[in-house]
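# Okay, predicted coordinates and the sequence, questions at the end:
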Amino acid sequence: MRRAAAMMIGLAAVASTLAAQDEEGIPVGALAPAVTVPDLAGRPVDLSRWLGQRPVLLEFWATWCTSCQAMMPRLAAMKQKFGDAVKFIGVNVTVSETRAGVEAYVREHRVPFQTLYDAEGVAARAYNPPATSYIVIVDRRGRVVYTGAGGTQNLEPALRQVTGR
């Protein structure tokens, strides 16, 4: 019951932030913050390993997010198309999520990105995502070139831009 209530509160927060999408989130043109967030094994992952070095796609997501689920096939297609030219990272926002639950979801659904578990909200504070399924694409100079939310985003033009393909 507590988990269901927490999920409803999380969903309400996501819904209320969708209305303010234009006012929230990291702005296009900004330098992407190189924060450190743990992976699912608890090991720290410093985004500076990739930011400013190569193009990066970040998705702020949750296992319960229907838009995130809708984006998974699109992300998988982009991962297949652009391969290692882009670093694909999923930042789990941990609202009503357990590490074990996220690990099980990642295994079962074979998500197309390296998964980080943002239990402390470090990445969320730095990127200010207005909703789950929020995607940030960063060029090799470390500048944000695209942001968007929802399950039907067309990522290919921005990925072509950052890879030169």
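Perfect, I can see it now.
# Would you mind confirming that Val106 makes contact with Trp61?
No: Val106 lies out of contact with Trp61 (CB atoms under 8 Å); the separation is 10.6 Å. Glycine gets a C-beta too; all of them are placed from N, C-alpha and C.
# And the two? Which one has more around it.
Each of Val106 and Trp61 has its neighbours counted (other CB atoms under 10 Å); Trp61 has more, 28 against 17.
# What residues of stretch 62-79 count as buried?
62-65, 67-69, 71-72, 74-76, 78-79 (16 or more other CB atoms under 10 Å).
# Need those in TSV (columns: pLDDT).
Shown next, in TSV, are the buried residues of stretch 62-79 (pLDDT from 0 to 100):
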residue	pLDDT
Ala62	96
Thr63	96
Trp64	96
Cys65	96
Ser67	96
Cys68	96
Gln69	95
Met71	96
Met72	96
Arg74	96
Leu75	97
Ala76	97
Met78	97
Lys79	97
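# Around Ala149, count how many other residues there are.
Neighbours of Ala149 (other CB under 10 Å): 23.
# And it, how close does it get to Leu31?
21 Å (CB to CB, to the nearest Å).
# what's the answer for Phe60, then?
From Phe60 across to Leu31, the span is 18 Å (CB to CB).
# These two: which has the busier surroundings?
Counted by other CB under 10 Å, Phe60 and Leu31 do not tie: Phe60 has more neighbours, with 27 against 13.
# For the one helix or strand that one maps to, enumerate the helices and strands it packs against.
Using DSSP states H and E, Phe60 sits in strand 56-61. In this structure, strand 56-61 packs against helix 66-82, strand 87-92, helix 122-127, strand 134-138, with contacts taken as 3 or more CB pairs under 8 Å, 6 or more residues apart in numbering; DSSP states H and E.
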